[in-house]
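Q: no letters, just coordinates:
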């Protein structure tokens with residue numbers, strides 16, 4: 001019976017799962033406090049893939065339109081990591097106390 005469980009895990013593992021996240025920035029952009037292009041370049045520089053920052057490769061794609069940044073990544077990627085990097089950017093820009 002244990003072998004059957006391992007086969008199911010292998011079947012699931014063979015399929016790549018794509019995750020999509022959206023960061024909505026419309027309120028600070030409307031107030032002219034936040035620049036989405038700077039935030040996108042910050043994310044491109046700081047996101048780590050396989051332990052190396054700035055090495056997005058084919059596993060992570062970042063795109064932005066007028067008010068949102070879209071992140072598409074393969075399975076081992078956490079929403080918590082994007083929240084951490086967003087808070088880090090706000091602290092760097094000295095906006096952390098004003099925006100939550």
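A: Received it, and whenever you're ready, just let me know what you need. Model, not experiment: these values are computed from the prediction.

Q: residue 22 - that's part of a strand, no?
A: Yes: in this structure, residue 22 lies within a strand as judged by DSSP: H, G, I helix; E, B strand; the rest coil.

Q: so who does the residue nearest to residue 92 when sequence neighbours are not counted touch?
A: Spatial nearest neighbour of residue 92, chain neighbours left out: residue 42 (7.8 Å); criterion: Cβ to Cβ, 6 or more residues apart in numbering. Where you see a C-beta, it was placed from the backbone N, CA and C, and this is true even at glycine. Counting by Cβ atoms under 8 Å, 6 or more residues apart in numbering, residue 42 touches 85, 89, 92.

Q: same check on residue 72?
A: The contact partners of residue 72, taken as Cβ under 8 Å, 6+ apart, are 18, 19, 20, 21, 60, 61, 63.

Q: tally of neighbours for the fifth one?
A: Residues within reach of residue 60, counting by other Cβ atoms under 10 Å, total 18.

Q: buried stuff in the helix or strand harbouring the residue nearest to residue 92?
A: Counting by DSSP states H and E, the element that carries residue 42 is helix 36-46. By 16 or more other Cβ atoms under 10 Å, the buried positions in helix 36-46 come out as 36, 39, 40, 42, 43.

Q: my guess is the third one contacts residue 70, does it?
A: No: between residue 40 and residue 70 there is no contact, the gap being 10.1 Å when judged by Cβ atoms under 8 Å.

Q: in stretch 91-100, what counts as buried?
A: For stretch 91-100, by 16+ other Cβ under 10 Å, it's residue 93.

Q: how about stretch 16-28?
A: 23, 25, 28.

Q: separation between the first one and residue 36?
A: Translated: residue 23. Noted for residue 23: a distance of 9 Å to residue 36, by Cβ to Cβ, to the nearest Å.
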